[in-house]
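>>> Below are the sequence and a predicted model for it; my questions follow.
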Amino acid sequence: MKGLRIDGILLWASREVLRRPGDALLTGVCLALTTAMLATVLLLSQAVADTAGRILSAAPSLIIRRINAGGWAPMPADEGVLRIRAVPGVLSVAPRIWGAARSEKGTVTVVGAKTGAGFVQREGKAIHPPGVGQAVVGPGIEGAGGRIRLFLGAADSFSFSIFGRLPGETAVAAHDLVILEPGDAARVLGLPPGFASDLAVDVFHEEEAEALAPELAEALPWPVHITTRAEAAKQYAGPVLRRGSLAAIALFPAVSAVLLLVVLTVRERASRSRTVGLFKALGWQTADVVLLHLLESAVIGFPAVLLGLAAGYGLVFFPGVSWPSRLLFGWQQAPPGISLDPVGALAVLVEIGALILLPYLAAAALPSLRASLADPQDLLEEGR
Amino acid sequence: MDNEVRCRKISLVRSTASGAKKQVLRRIDACFPAGSICELAGPNGAGKSTLLHVMAGLLRPTEGEVLFGGMPVSRWSAGHRDRWRRQVGIVFQDLHLLEDLTALENVMLPLIPRGLPLFELRQKARLAMDRMGAADLAGLPVSQLSGGQRQRIAVARSVAEPPALLLADEPGAHQDSRGKDLLRALFSDLQQQETTIVIAGRREPALYGGGKPDLSFGIKNGELKGPS
């Protein structure tokens, strides 16, 4: 019986929408556009944060870099490894060779990787580390004729054949990456033989990483800077959050549009007091009237918000759409492949629901609730 | 259930447009027996429509109470009165039809929240229209109907679900002789089902079997006289 009552009122709510098709269309378009704007910002921020979090969870517990008065300095790899390995609590330590280099298309990040087993699995196929003269590149790197040219200073240039490409889902971390054989990488970066850019350290107990940092610094004969995984995550998330906040401020007009829509809906529904009075005179109860107004708004609001969400999702995740990330995060190239965690996606949906649907539905229901307190005849006369 | 309606010392004071208070009904005492057809006659502005609105639970009396089947419905909370109002059919003097909707949709209106399947809802509405000889008007927007046709749609709406109490404000005002015959037949049918019928307006013998109502009340300046 209850279901049938809702069916009848839902049917009537749809009829009420059709009585004012222009209003309904305008409201729907406004809701869809506002949702699309909000969804683009929220989905992009959330997806970048989610993806970064996933990638950083696989990063080393600690990174040790040697510093001097001029900034970063290369460190002797073998000596550094020996001294760090001797510190209790250290599980493993590996010297890394990496740094920024110039290519014909802009600055890239060069990383040296040891030859051996495949290090990236893609669709069951291993991408092996490059050999001498070869490069594995990130999704954002373009090479002319299957080769990439890198420069050291103004004079020396090195050319490598592109031998593999990293999958798109690694793009947040590996967008501008060029992986080379360690010797090649050292030459491109100008590192002397036997020197490393930094040391990647894993510890037995992750929660001890921060406490171990002073002991590690003490174990080395040079001044060093140590970064924990949590600090790296903060460094990464900081700019994203900052830009996300700026983008949210830029969405002030969207929020204003929602407020305007709410005010107009309240006024429009309040102007229907005569109809509310008539319905009550004909045996409708307060709950029926409120349900009718809620369903009427839902008939417009839910499809509009779904459409807006789909548009926002498309703008963020559809391959090749670059302007939202360029506008919001200042990325200059095609956006990297990013993805949402289910929890993150749910959070975005809840945020959009709270920001758009709830005020809109409340704006529809409250005037009818208020009207129901009056005598039906007063409402009928009020509408004259 | 007993469909008797009793007005006990009902007074009503309302605010006019200028904000002044005006006593519209004065200590009205009346009994409308179950299954009777009662007439409420009087000049314009006498308080006929207002008394119907009070009896229908659309207005709360300032003093006194309305009893339906012995229950003090005018004292009930809004929610209870809303529920009870489903037993009341009302024909307004100015009809209150939704102009852009079709005649059938207007008649369906009181049935919507009653939890009926769609086909049954349409069937009941069509049956009520048929009783008022308005079946052929079902698909027409009310705005295209004549005064008499609109009035028949309003009457059909009030009986779409057979009421326990029917309050009709000048139901025969725009009706030709055929329309009045249909109204008389409808009132007679409802009377058989113990519906209490109160008709306000000018004296219209054509609406009653035998040419007169069971009870006749007169109202003037908010004071009720009768029955006779």
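Great, that's in hand.

>>> For burial, what's the neighbour tally of residue 14?
Here I'm looking at chain A. Residues lying near A:Ser14 (other C-beta atoms under 10 Å in any protein chain shown) number 12. The way it works is simple: take the backbone N, C-alpha and C, and place the C-beta from them, glycine included.

>>> right idea, wrong chain: chain B
Per other C-beta under 10 Å, the neighbour tally for B:Arg14 reads 16.

>>> Buried by neighbour count: which residues of stretch B:176-189 qualify?
Neighbour counts over stretch B:176-189 (16 or more other C-beta atoms under 10 Å in any protein chain shown) mark B:179-180, B:182-184, B:186-187 as buried.

>>> which residue is nearest the middle of chain B?
Nearest residue to the geometric centre of chain B (C-alpha atoms, centre = their mean): B:Leu167, 2.1 Å.

>>> does that residue really touch B:Gln87, like I thought?
No: assessed by C-beta atoms under 8 Å, B:Leu167 is found out of contact with B:Gln87, at 11.4 Å.

>>> which bits of chain B sit near chain A?
B:53, B:56-60, B:78-79, B:82-83, B:85-86, B:88, B:90, B:92, B:96, B:98, B:100-101, B:105, B:109-118, B:121, B:157, B:161 (C-beta under 8 Å from any C-beta of the partner chain).

>>> among those, which ones are buried?
Those of the residues of chain B next to chain A that meet the buried threshold are B:53, B:56-60, B:78, B:82, B:85-86, B:88, B:90, B:92, B:96, B:98, B:101, B:105, B:109-116, B:121, B:157, B:161, by 16+ other C-beta under 10 Å.

>>> quick one: buried residues of stretch A:286-300?
Using 16+ other C-beta under 10 Å as the test for burial, stretch A:286-300 gives A:286, A:288-300.

>>> So for the residue nearest to the centre of chain B, what's the pLDDT?
pLDDT, B:Leu167: 95.

>>> what's the distance between it and A:Gln46?
Going from B:Leu167 to A:Gln46 by C-beta to C-beta, to the nearest Å gives 60 Å.

>>> And the helices in chain B?
Counting by DSSP state H, chain B has helices at residues B:48-55, B:78-84, B:103-108, B:118-131, B:147-158, B:177-192.

>>> looking at those helices, which is closest to A:Gly353?
Ranking those by their distance to A:Gly353 (criterion: C-beta to C-beta) puts helix B:78-84 first, at 29.9 Å.

>>> Pull the residues that contact stretch A:351-370.
When contacts are defined by C-beta atoms under 8 Å, 6 or more residues apart in numbering or on different chains, stretch A:351-370 is touched by residues A:31, A:34-35, A:38-39, A:42, A:255, A:258-259, A:261-263, A:265-266, A:269-270, A:272, A:276, A:286, A:289-290, A:292-294, A:296-298, A:301-302, A:305, A:309.

>>> got the CA coordinates for it in CSV?
What follows is stretch A:351-370 as a C-alpha-only set of coordinates in CSV (Å, rounded to 0.1, in the frame of the first residue of the first chain):
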residue,chain,number,x,y,z
GLU,A,351,30.4,15.9,-0.9
ILE,A,352,28.5,16.7,-4.1
GLY,A,353,25.3,15.3,-2.6
ALA,A,354,25.8,17.5,0.5
LEU,A,355,26.7,20.6,-1.6
ILE,A,356,24.0,20.4,-4.2
LEU,A,357,21.3,17.9,-3.8
LEU,A,358,20.5,18.3,-0.1
PRO,A,359,20.0,22.1,-0.2
TYR,A,360,17.9,21.8,-3.4
LEU,A,361,15.7,19.0,-1.9
ALA,A,362,15.4,20.9,1.4
ALA,A,363,14.4,24.0,-0.5
ALA,A,364,11.6,22.0,-2.1
ALA,A,365,10.3,20.4,1.0
LEU,A,366,10.5,23.2,3.6
PRO,A,367,7.9,25.6,2.2
SER,A,368,5.4,22.8,1.8
LEU,A,369,6.1,21.7,5.4
ARG,A,370,5.6,25.3,6.5
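
>>> buried sites along that stretch?
For stretch A:351-370, by 16+ other C-beta under 10 Å, it's A:352, A:355-357, A:360-361, A:363-368.

>>> How about the contacts made by the residue nearest to the centre of chain B?
B:52, B:55-56, B:88-91, B:198, B:200.

>>> and which of those is nearest chain A?
Distance to chain A across the contacts of B:Leu167 (C-beta to the nearest C-beta) is lowest for B:Ile90, with 6.2 Å.

>>> and stretch A:72-79, C-alpha only, in CSV?
The C-alpha trace of stretch A:72-79 is given here as CSV (Å, rounded to 0.1, in the frame of the first residue of the first chain):
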residue,chain,number,x,y,z
TRP,A,72,72.6,18.4,-3.3
ALA,A,73,75.8,16.6,-3.8
PRO,A,74,76.7,13.1,-5.1
MET,A,75,77.7,10.6,-2.4
PRO,A,76,80.2,7.7,-2.6
ALA,A,77,77.8,4.8,-3.1
ASP,A,78,79.7,1.9,-1.6
GLU,A,79,80.8,3.8,1.5
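
>>> After whichever strand in chain A runs longest, which helix or strand is next?
For chain A, the strand that runs over the most residues, judged by DSSP state E, is strand A:90-103. Later in the chain than strand A:90-103, the nearest helix or strand by DSSP states H and E is strand A:106-112.

>>> Give me the contacts around that following strand.
A:96-102, A:141, A:150, A:176-186, A:188-189.

>>> Now it: buried residues?
By 16+ other C-beta under 10 Å, the buried positions in strand A:106-112 come out as A:108-112.

>>> Over to stretch A:305-319?
A:305, A:307-309, A:311-313, A:315-317.

>>> the helices in chain A, which residues?
Going by DSSP H, chain A shows helices at A:2-19, A:21-56, A:77-85, A:171-174, A:182-189, A:209-219, A:229-250, A:252-270, A:273-281, A:286-317, A:323-329, A:342-352, A:358-371, A:376-382.

>>> Sketch out the low-pLDDT regions of the stretch 51-200 of chain A for me.
Along the stretch 51-200 of chain A, segments meeting pLDDT under 70 span A:55, A:115-126, A:153-155, A:168-173.

>>> try it again with 80
A:51-59, A:105, A:114-129, A:139-146, A:152-156, A:166-175 (pLDDT under 80).

>>> By proximity to chain B, which residue of it wins?
Chain B sits closest to A:Thr51 of the stretch 51-200 of chain A, with a gap of 49.2 Å, by C-beta to the nearest C-beta.

>>> which among the contacts of strand A:106-112 end up buried?
The neighbour-count criterion (16+ other C-beta under 10 Å) marks A:96-99, A:101-102, A:141, A:150, A:176-182, A:184-186, A:188-189 among the contacts of strand A:106-112 as buried.

>>> among the contacts of B:Leu167, which are in strands?
Using DSSP E, those in strands are B:88-91, B:198, B:200.

>>> In CSV: those, plus pLDDT.
As requested, the ones in strands among the contacts of B:Leu167 are exported to CSV (pLDDT from 0 to 100):
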residue, pLDDT
B:Val88, 94
B:Gly89, 94
B:Ile90, 94
B:Val91, 94
B:Val198, 94
B:Ala200, 92
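
>>> Can you name the residues that contact A:Glu381?
By C-beta under 8 Å, 6+ apart, A:Glu381 lies in contact with A:Gly277.

>>> what's the distance between it and B:Arg14?
Distance of A:Glu381 to B:Arg14, computed by C-beta to C-beta: 10 Å.

>>> what does A:Leu56 give?
From A:Leu56 over to B:Arg14 the distance is 72 Å, taken as C-beta to C-beta.

>>> same check, this time on A:Val255
44 Å.

>>> So what's the residue count around residue 13?
Unless you meant another one, I'm taking chain A. Per other C-beta under 10 Å, the neighbour tally for A:Ala13 reads 22.

>>> um, chain B though
B:Val13 has 14 neighbouring residues, counting by other C-beta under 10 Å.
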